[in-house]
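[1] Sequence first, predicted model second:
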Amino acid sequence: MTRHATSYFDNEGTEDAYAVHRALQETMQALVGIIRVESELLEAKERLAELAERASKCAVEGNLQFNPGWHLALDLESMLAVSNCTTLSAIERRESRGGHTRDDYPGFRPEFENVNMITRLVDGEYVVAQEPKPQMPDELARLFEEGAH
Amino acid sequence: MAIDTGSAPTTAPEPPSGAPPQDLVMRLWRGDASGGRFQEYRVAPQEGEVVLDVVHRIQATQAPDLAVRWNCKAGKCGSCSAEINGRPALMCMTRMSTLATDQPVTVSPMRAFPIMRDLVTDVSYNFEVAKLIPAFKPGPRDPDGLYRMAQVDIDRGQEFHKCIECFLCQNVCHVIRDHEENKPRYAGPRFFVRLAELEMHPLDTLDRRDYIHQDMGIGYCNITKCCTEVCPEDIHITDNAIIPLKERIVDSHYDPVAWLGRKITGRPAPLRASEARKHTGAAHAQPPAAATPEPGDGA
């Protein structure tokens, strides 16, 4: 873990963490924004792979002490993980529900009502799968029944 | 540590009329505990920026390892305290448009605290003082289980609650800034605000006057109002916190009429500092014992 974190200092790379961060923000804002469509989501998936490649080549200046450039390089790994989860789940959920709006699939679809989209890292690849939603606890379910009357 | 003031500012040539605005010249202090110097950066100005925006732009484009502490960018977290052209201020609340940008703008770390790196200082002295403040100690509840306070008493404390702990007042207070040796025996403006809030609280039962006098060193304050001037929350630190505390201490310790009154009526003298000390969160981290003995009644 520590060796991985400090490996950025030995990186012979040429990428700048701040530039990769900005590119990631712009990609997610433009392609995985409020109104989503499959073609854009697939494009985002490709761009995220490129950005992950760039992020691994970030060159870090300075030393271990209070070094924002280094911290950003480390944070990019987590930002990319979250971006991948969001994008892959959005591709898989072919409906519009809550905050997720698909231009190509307007409205609820019953087959997605009781599933969650779970993204896992399998042998270095992000894999998304539909899994049944956990059962609502009884005490919570009762509240919904009471509210329905 | 002395801060090197660097080379003399260079005057940039007048831009021809109609040309894009000339680059900002920012002189940021770079270094660590072992020393450092001002380094000059040139960046294109942008509309509506504050100092922190420009520092971040320098960080993103020219100095990736430039250390700067920040969080909310809205003047409410108290993280981005620095000295801008020598004046203590929050970087996120200082608009570039208020500074003369035809000459270099200097940003340096707070001088009263040890430097960690670049613009980041170690402010842990303040947290050590915080442990020495005797905690709130309310009296018993009313028979119906409630506490009751007059609105006017609540309003008085609201001003003190606004403190965001940016420690600019601690930084500018010359008792600390120019006399490192005072740190163990002087609480500083931020903590006089805290103590005033506790002393003025209608439900608090603890008497901290002798403690403020003996351990918190309020007598060192010369009421120059530098703290009030730099407070980003516009707390009237000197007028509303420090002077009322000083008045209470003068009344309890130096007023001969009050002393005589206490002798005649048998009303108790202020609680000894040693009593208040038991209510601090740092009984293990006592400040060095006061050189003067605790005053007896009217001594």
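    Perfect, thanks for sending it.
[2] OK, contacts around the residue in the stretch 151-299 of chain B positioned nearest to chain A?
    Nearest to chain A in the stretch 151-299 of chain B, going by Cβ to the nearest Cβ, is B:Phe167, at a distance of 17.5 Å. C-beta: built from backbone N, CA, C; applies to glycine. B:Phe167 makes contacts with B:78, B:81, B:110, B:113, B:123, B:126, B:190, as judged by Cβ atoms under 8 Å, 6 or more residues apart in numbering or on different chains.
[3] mind putting the residues you listed in JSON lines, neighbour count, secondary structure and distance to A:Leu51 included?
    Below are those laid out as JSON lines (neighbours: other Cβ atoms under 10 Å in any protein chain shown; DSSP: H, G, I helix; E, B strand; the rest coil; distance: Cβ to Cβ, whole Å):
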{"residue": "B:Gly78", "neighbour count": "20", "secondary structure": "coil", "distance to A:Leu51": "34"}
{"residue": "B:Ser81", "neighbour count": "28", "secondary structure": "strand", "distance to A:Leu51": "35"}
{"residue": "B:Met110", "neighbour count": "23", "secondary structure": "coil", "distance to A:Leu51": "37"}
{"residue": "B:Phe113", "neighbour count": "21", "secondary structure": "coil", "distance to A:Leu51": "39"}
{"residue": "B:Val123", "neighbour count": "21", "secondary structure": "coil", "distance to A:Leu51": "36"}
{"residue": "B:Asn126", "neighbour count": "20", "secondary structure": "helix", "distance to A:Leu51": "41"}
{"residue": "B:Arg190", "neighbour count": "27", "secondary structure": "helix", "distance to A:Leu51": "44"}
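[4] burial count for residue 85?
    Picking chain A for this. A:Cys85 sits with 17 neighbouring residues when counted by other Cβ atoms under 10 Å in any protein chain shown.
[5] wrong one, chain B
    Look at B:Asn85: counted by other Cβ under 10 Å, it has 16 neighbours.
[6] B:Gln39 - nearest residue in space that isn't next to it in sequence?
    Nearest residue to B:Gln39, sequence neighbours excluded (Cβ to Cβ, 6 or more residues apart in numbering or on different chains): B:Arg30, at 4.7 Å.
[7] The helix or strand harbouring that neighbour - what's its average pLDDT?
    Assigned by DSSP states H and E, B:Arg30 belongs to strand B:24-32. For strand B:24-32, mean pLDDT rounds to 97.
[8] With just CA atoms, put that strand into CSV.
    Extracted in CSV, the C-alpha atoms of strand B:24-32 (Å, rounded to 0.1, in the frame of the first residue of the first chain):
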residue,chain,number,x,y,z
LEU,B,24,-0.7,39.0,-12.2
VAL,B,25,2.6,38.8,-10.4
MET,B,26,2.1,36.6,-7.3
ARG,B,27,4.9,36.2,-4.8
LEU,B,28,4.2,33.0,-2.7
TRP,B,29,6.3,31.8,0.2
ARG,B,30,7.7,28.4,-0.6
GLY,B,31,9.6,26.4,2.0
ASP,B,32,9.4,24.3,5.1
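[9] quick one: contacts of that strand?
    Contacts to strand B:24-32, defined as Cβ under 8 Å, 6+ apart, come from residues A:65, B:3, B:6, B:9-10, B:12, B:36-45, B:54-55, B:58, B:63, B:66, B:96, B:101, B:103-109, B:115-119.
[10] What of stretch B:187-199?
    Stretch B:187-199 has contacts (Cβ under 8 Å, 6+ apart) with B:126, B:129-130, B:132-134, B:136, B:157, B:160-161, B:163, B:165, B:167, B:169-170, B:173, B:175-176, B:204, B:206, B:208-209, B:212, B:216-218, B:221, B:227, B:235, B:237-238, B:240-242, B:244-245, B:248.
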